[in-house]
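K.L.:
what follows is a predicted structure for the sequence shown.
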Amino acid sequence: MLSTRNLLITVFILISVSLFQVRVSCQEVLLIDTLDYLPLSIEGALENNLMIAASKGFDKEIERLISKGADIDGETYQGATPLIFAVANNQLSSVLALLDHGPDVNKVTLNNETPLLISVKNQNLKIAEALIRGGADIDLADKYGVTALHYASIAGSFEMTDLLLYYDADCNKKANDGTTPLMAAILAGYADITDLLFQNGANLEARDNSGYTPFLIASQNGDTMVMNLLLKEGVDLYEKNNLNYNALALAIESNRVPAVGLLLEKGDKWTSPEKEGVNPYTVASAFGRKNIIVMLEKKNIAGRQGLRIDEFSITASSKFNIRGYFTGLFISFKEPLINAGFAAGCDLKPTYTKVLVKSGENTYYQYFDKSSIVFAGLFKDFTLSEKSSGLKFIISASLSAGYNFGGKFKGTSLSPENKFKIIPAAGFKVQQKNFAFRTDLEYMNSGFYHIGPIWVRLGVSYNYFLSRVKSQGKTIKWS
């Protein structure tokens, strides 16, 4: 009897424990990290805590804090609201929870960003669509006049661009610099987005503030596919920007050989009075495009020019070795087609330096010298690479004749021997349009004992282009 009672008790206990475990396991335990919350005794604590909850995706906390009186549009000193925190941190559930309470969906931060612009830059489709459905102004621009569609187009986000167009984003709205979404897509090289904008009514003849059109930008980029698409739609082959650059000149400057070939196949009036822009030979010569000059000649394009000096440079430099140094200035003139020219200058010692003069087989005298060198010679540049931004990497070689002259050695009536010198040199140059930095190795015998003939020259140059055909090219500063 006892054993039966014990058995029944044991069974009862096991069933009770089992039921308790089932009940506990069915309960949802949600841990909320509130360590960053401010105490409610502090002014603005509810709004601060709401921003934290929104950024971390604590939907229940969002509801609780709003019910406690938190201002849904409370903002930081930078203008960020709970909705902006949720969008910036890609918290879709928080965005939806906040939208249920009617926040300002077009709030602009001090950085001139709206929730929609932030979601587009983050390429978060779901949040972007939720904001649009929640009343976000799809064409609201930032301080640069740039809309969500601009940013989606230049970032290459096809799905985002398609979404914005589905909700009737203005595909012809211009930024402050006149750039349209189509121009941005072409400049960035996204053919799929370009085609999508074509299909949605983008203006193919729009011009920015510098007179660039989609066709001119495509020519600058050498995008022959987009160029053909635009030409099939009837754009003007010979259109020009504000600097009188047409598509051919831009393609030549950017060294887009296939684009040059396409343009020469499509038209032959590049130098005719009614269509003429910048002389293509002038552009090709200024940038040293020998192969393109050959292409122009084969197509019988008029306006061929001979060799001529186009680039003038002035360089401030220092040259030195272990035992001596000079500072100097020299000027150079270069013919860009052959990439060679003439240079002349002067190197001076800014202070006296110790030198040894050999007087006999084992006799040396020490003096303080402050002599100078004038030189002139020829140089040849070899371009290693050239970027579309105008950045060039160049190897240079030169051969100069120099003449060493100077006053008397300090404290004496003696003067250093005046000598003619042959000065070969080779160096490396980095050039960005009007400015260049160079470093050279020169061989120059100083005539003094124990001063080696190898010198290092460092210099900074300013380049002035006589033909003034250097176009800035289409750029976008807000991307």
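P.N.:
That came through fine. Numbering: from 1, shown residues only.
K.L.:
from here on, contacts and neighbour counts on C-alpha atoms
P.N.:
OK.
K.L.:
lowest average confidence, helix or strand, in the chain?
P.N.:
helix 2-26 (a mean of 45; mean pLDDT, DSSP states H and E).
K.L.:
what sits against the nearest residue to Asn246 once chain neighbours are set aside?
P.N.:
Setting aside the residues directly before and after it, Asn246 is nearest to Lys240 in space (C-alpha to C-alpha, 6 or more residues apart in numbering), at 4.2 Å. Residues touching Lys240, when contacts are defined by C-alpha atoms under 8 Å, 6 or more residues apart in numbering, comprise Gly211, Tyr212, Leu216, Asn246, Ala247, Gly277.
K.L.:
do you know how far Lys240 is from Thr271?
P.N.:
For Lys240, the distance to Thr271 (C-alpha to C-alpha, to the nearest Å) stands at 13 Å.
K.L.:
sorry, back to before: what about the contacts of Lys240, which are in helices?
P.N.:
Judged by DSSP state H, the subset of the contacts of Lys240 located in helices is Leu216, Ala247.
K.L.:
among the contacts of Lys240, who's most crowded?
P.N.:
Each of these was scored by neighbour count (other C-alpha atoms under 10 Å); the top score is that of Leu216, with 31 neighbours.
K.L.:
tell me the predicted confidence for the residue lying closest to it once chain neighbours are set aside.
P.N.:
Nearest residue to Leu216, sequence neighbours excluded (C-alpha to C-alpha, 6+ apart): Ala247, at 5.1 Å. At Ala247, the model reports a pLDDT of 96.
K.L.:
wait, Ala247 sits on Glu239?
P.N.:
Yes - in terms of C-alpha atoms under 8 Å, Ala247 counts as a neighbour of Glu239; the distance is 7.2 Å.
K.L.:
between these two, which contacts overlap?
P.N.:
Once C-alpha under 8 Å, 6+ apart is applied, the residues that Ala247 and Glu239 both contact turn out to be Leu216.
K.L.:
tell me where the stretch 351-479 of the chain has strands.
P.N.:
Remark: strands assigned in the stretch 351-479 of the chain by DSSP state E, counting those that start in this stretch are 353-358, 364-369, 372-386, 391-405, 419-432, 435-443, 454-465.
K.L.:
can you lay out those as TSV showing distance to Gln472, mean neighbour count and mean pLDDT?
P.N.:
Converted to TSV, those look like this (distance: least, C-alpha to C-alpha, whole Å; neighbours: other C-alpha atoms under 10 Å; pLDDT from 0 to 100):
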stretch	distance to Gln472	mean neighbour count	mean pLDDT
strand 353-358	46	16	87
strand 364-369	48	16	88
strand 372-386	15	17	94
strand 391-405	12	18	94
strand 419-432	12	17	94
strand 435-443	14	18	96
strand 454-465	13	18	94
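K.L.:
mind putting those strands into TSV with distance to Thr224?
P.N.:
As requested, the strands of the stretch 351-479 of the chain are arranged in TSV below (distance: least, C-alpha to C-alpha, whole Å):
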stretch	distance to Thr224
strand 353-358	61
strand 364-369	63
strand 372-386	20
strand 391-405	23
strand 419-432	27
strand 435-443	32
strand 454-465	29
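K.L.:
out of these, nearest to Asn300?
P.N.:
The closest of the strands of the stretch 351-479 of the chain to Asn300 is strand 454-465. By C-alpha to C-alpha, the value is 27.0 Å.
K.L.:
mind listing the strands the closest one pairs with, and their directions?
P.N.:
For strand 454-465, the paired strands and their directions (DSSP bridges) read strand 311-321 (antiparallel), strand 435-443 (antiparallel).
K.L.:
mind putting those into TSV with distance to Trp455?
P.N.:
Output for the strands paired with strand 454-465, formatted as TSV (distance: least, C-alpha to C-alpha, whole Å):
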stretch	distance to Trp455
strand 311-321	5
strand 435-443	5
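K.L.:
closest to Ser413 out of those strands?
P.N.:
In terms of C-alpha to C-alpha, the element of the strands paired with strand 454-465 nearest to Ser413 is strand 311-321, at 26.8 Å.
K.L.:
what about Ser93, how many residues nearby?
P.N.:
Once other C-alpha under 10 Å is used to define contacts, Ser93 is seen to have 16 neighbours.
K.L.:
now the helix or strand harbouring it: average pLDDT?
P.N.:
Taking DSSP states H and E as the criterion, the element that holds Ser93 is helix 92-99. In this model, helix 92-99 has a mean pLDDT of 96.
K.L.:
over to stretch 109-129?
P.N.:
Averaging pLDDT along stretch 109-129 yields 96.
K.L.:
if you count neighbours, what's buried in it?
P.N.:
Of the residues in stretch 109-129, those buried under the neighbour-count criterion (16 or more other C-alpha atoms under 10 Å) are 109, 113-125, 127-129.
K.L.:
same question, stretch 235-252
P.N.:
Of the residues in stretch 235-252, those buried by neighbour count under the rule 16+ other C-alpha under 10 Å are 235, 237-241, 244-252.
K.L.:
then stretch 192-208?
P.N.:
Of all the residues in stretch 192-208, those buried under the rule 16+ other C-alpha under 10 Å are 193-198, 200, 202-204, 206-208.
K.L.:
how far off centre is it?
P.N.:
On the basis of C-alpha atoms, centre = their mean, to the nearest Å, stretch 192-208 sits 24 Å off its chain's mean C-alpha point.
K.L.:
quick one: contacts of it?
P.N.:
Applying C-alpha under 8 Å, 6+ apart, the external contacts of stretch 192-208 come out as 153, 156-158, 161-162, 165, 171-172, 174, 177-182, 185-186, 213-215, 226, 230, 235.
K.L.:
now the common contact residues for Lys240 and Thr271.
P.N.:
With C-alpha under 8 Å, 6+ apart applied, the overlap between the contact sets of Lys240 and Thr271 consists of Gly277.
K.L.:
I'd assumed Ile252 was in a strand, is it?
P.N.:
No - Ile252 sits outside any strand when classified using DSSP: H, G, I helix; E, B strand; the rest coil, being helix.
K.L.:
could I get the pLDDT score of it?
P.N.:
What the model reports as pLDDT for Ile252 is 95.
K.L.:
show me what contacts it?
P.N.:
Each residue near Ile252 by C-alpha under 8 Å, 6+ apart is listed here: Val260, Pro280, Val283, Ala284, Arg289, Ile292.
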